[in-house]
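[1] any chance you can model this:
(one chain, ligands or ions: 1)
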Amino acid sequence: MFNYIVIGSGFAGSVIAERIANVLNEKVLIIEKRNHIGGNCYDYKNKDGIIIHKYGPHLFHTNYKEVFDYLSNFTDWNIYHHRVLAFIDGKKVPIPFNLNSLYLTFPESLAKRIEEKLLKKYPYNSKVPILDLKKENDKDLRFLADYIYQKVFLNYTVKQWGLKPEDIDPEVTARVPVFIGKDDRYFSDKYQAIPTEGYTKIFERMLNHSNIKLMLNTDFKEVISIDFESKKIYFFGQEFKGKLIFTGMIDELFNFKYGYLPYRSLDLRFETVEKEWFQEVATVNYPNDYDFTRITEFKHIHPASTEKTTILKEYSKQYIPNKDIPYYPVFTKENQKLYNRYKEEAEKFENIILVGRLAEYRYYDMDDVIKRALEVFEEKVR
Ligand code: FAD
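    This is a model prediction of the structure:
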């Protein structure tokens, strides 16, 4: 009945399903184990009318015009520029650490001296990865690098990953730049916006097509079995000869036969407080104090006229397979090797297509995963 089955209804699965339905005009079945669509981008309105991101704050930003244009078929946008402060030594300073943060942190004469040296060495409005600044010879620049490394980066990274920064792939550490400029925005992408009615509405519109059937509350293992010897896939006991687009955890697809791929998980604690605003900006990071990594206040992201406000405290924790939600892949060479063994296994099947953060074991932002899904559709699905 179906030539295409998609496992998972996050952006990876939903984009591919939408393309199959609209471009190929073929029927597609989506199997989703949660009771809702949208994967980790799912949001909902709470009883106070505030849009809440159930799996942590999601801010859309991209330089890919094609991704912004594609998503614009399914939503209107509110212009939104994300701002993050870090609580350091009793003060809140803009993150990424920039020239404004410099003046808020140090006495003016010192800040001025460091600023002059930074501007001599680096172009205005450039981003310098913290690990590069740490290699500087100049005493003041090294002092700055060590300060930022210790106060902004080190403890946050340890809290977030349960690892020392040296043990993490540069793809992740490079994400923490020092910004040689005065722009306080967290992202510098060309397109930064929030879907006017939230992310879930985007998924509803993408999947609202007579060619798309959706099975919620269904783990793929309940309806799909795989014969690893003959490389055949069975759907409700019948051989499935179509394409299986898999966006779940690749190790789960192969019954964890080589072991579990490690992830970090999160304990997300929401609180509604009886005041109009809780903090100055959407997100405040707490690198050195408390056990949570950051607090996000949703009203800054989605304006709502209510006297109350809802905040989210995020506690990073070790992921326990079959119990916790796998949020972030942990990048180490060893884990990548393990992933590659699973990938090679998948490549032996003619009709399994892997896409998305769990199936590819990659940290993908939303725009990356949408771009990837559009490419995979063109290259492997159609
Ligand atoms: P997912 O959204 O995880 O979707 C996978 C789907 O597969 C899920 O619905 C899952 O239930 C389903 N599934 C898994 N296993 C099975 C199974 N056995 N059977 C059936 N279904 C299954 N990106 C940004 O661009 N900006 C941000 O600000 C941002 N913030 C983030 C904050 C957090 C805390 C996290 C964790 C991620 C954030 N991201 C952000 C990244 C964003 O969430 C991902 O890019 C996006 O969700 C990836 O989509 P996906 O479809 O690959 O995965």
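[2] quick one: contacts for the residue in the stretch 51-200 of the chain that the ligand sits nearest to?
    When scored by C-beta to the nearest ligand atom, the stretch 51-200 of the chain has Gly56 as its residue closest to the ligand, at 2.8 Å. Heads up, the C-betas are built off the backbone N, CA and C, glycines and all. Residues near Gly56 by C-beta atoms under 8 Å, 6 or more residues apart in numbering: Asn40, Leu266, Leu268, Thr296, Leu312, Glu314, Tyr327.
[3] pLDDT value on the last one, please?
    Looking back up the chat, that one is Tyr327. The per-residue pLDDT reported for Tyr327 equals 97.
[4] how much space between it and Asn46?
    The span separating Tyr327 from Asn46 equals 21 Å under the rule C-beta to C-beta, to the nearest Å.
[5] so the residue of the chain most remote from its centre is in which element?
    Relative to the C-alpha centroid of the chain, counting by C-alpha atoms, centre = their mean, Ser109 is the outermost residue, at 39.2 Å. Under the criterion of DSSP states H and E, Ser109 resides in helix 108-121.
[6] neighbouring contacts of that helix?
    Leu99, Leu102, Tyr103, Thr105, Phe106, Glu136, Asp138, Asp140, Leu141, Phe143, Leu144, Ile180.
[7] the third one: neighbouring residues, count only.
    Applying other C-beta atoms under 10 Å, we find 17 other residues in the vicinity of Tyr103.
[8] please identify which helix or strand holds it.
    Per DSSP H and E: Tyr103 is located in helix 99-105.
[9] ok, the closest residue to Arg362 other than its chain neighbours - contacts?
    Once flanking residues are discounted, Arg362 sits nearest to Pro329: 6.6 Å by C-beta to C-beta, 6 or more residues apart in numbering. For Pro329, the contacting residues are Leu261, Pro262, Tyr263, Asn335, Arg357, Tyr361, Arg362, Tyr363, by C-beta under 8 Å, 6+ apart.
[10] name the SS class of the residue of the stretch 51-200 of the chain closest to the ligand, please.
    Assigned with DSSP: H, G, I helix; E, B strand; the rest coil, Gly56 falls in the coil class.
[11] now Leu71
    Under three-state DSSP, the three-state class of Leu71 is helix.
[12] show me what residue of the stretch 201-350 of the chain gets nearest to the ligand.
    Closest approach between the stretch 201-350 of the chain and the ligand, counting by C-beta to the nearest ligand atom: Gly248, at 3.1 Å.
[13] give the contact list for that residue.
    So Gly248 contacts Ile7, Gly8, Lys33, Phe220, Leu358, Ala359 (C-beta under 8 Å, 6+ apart).
[14] burial count for the fourth one?
    By that I understand Phe220. Phe220 sits with 22 neighbouring residues when counted by other C-beta under 10 Å.
[15] that one and Leu261, how far apart?
    Using C-beta to C-beta, Phe220 is found at 17 Å from Leu261.
[16] residue numbers of the stretch 51-200 of the chain in contact with the ligand?
    For the stretch 51-200 of the chain, the residues in contact with the ligand (C-beta under 6 Å from any ligand atom) are Tyr55, Gly56, Pro57, His58, Leu59, Phe60.
[17] so what's the last one up against?
    In other words, Phe60. Leu71, Tyr191, Gln192, Ala193, Ile194, Pro195, Met366, Asp367.
[18] same deal with the first one?
    For Tyr55, the contacting residues are Gly39, Asn40, Cys41, Tyr42, Leu268, Ile325, Tyr327, by C-beta under 8 Å, 6+ apart.
[19] same thing but 7 Å
    Contacts of Tyr55 were listed using C-beta atoms under 7 Å, 6 or more residues apart in numbering, and they are Asn40, Tyr42.
[20] heads up, I number from 588, so please use that
    Okay, using 588 as the starting number, the last item reads as Tyr642.
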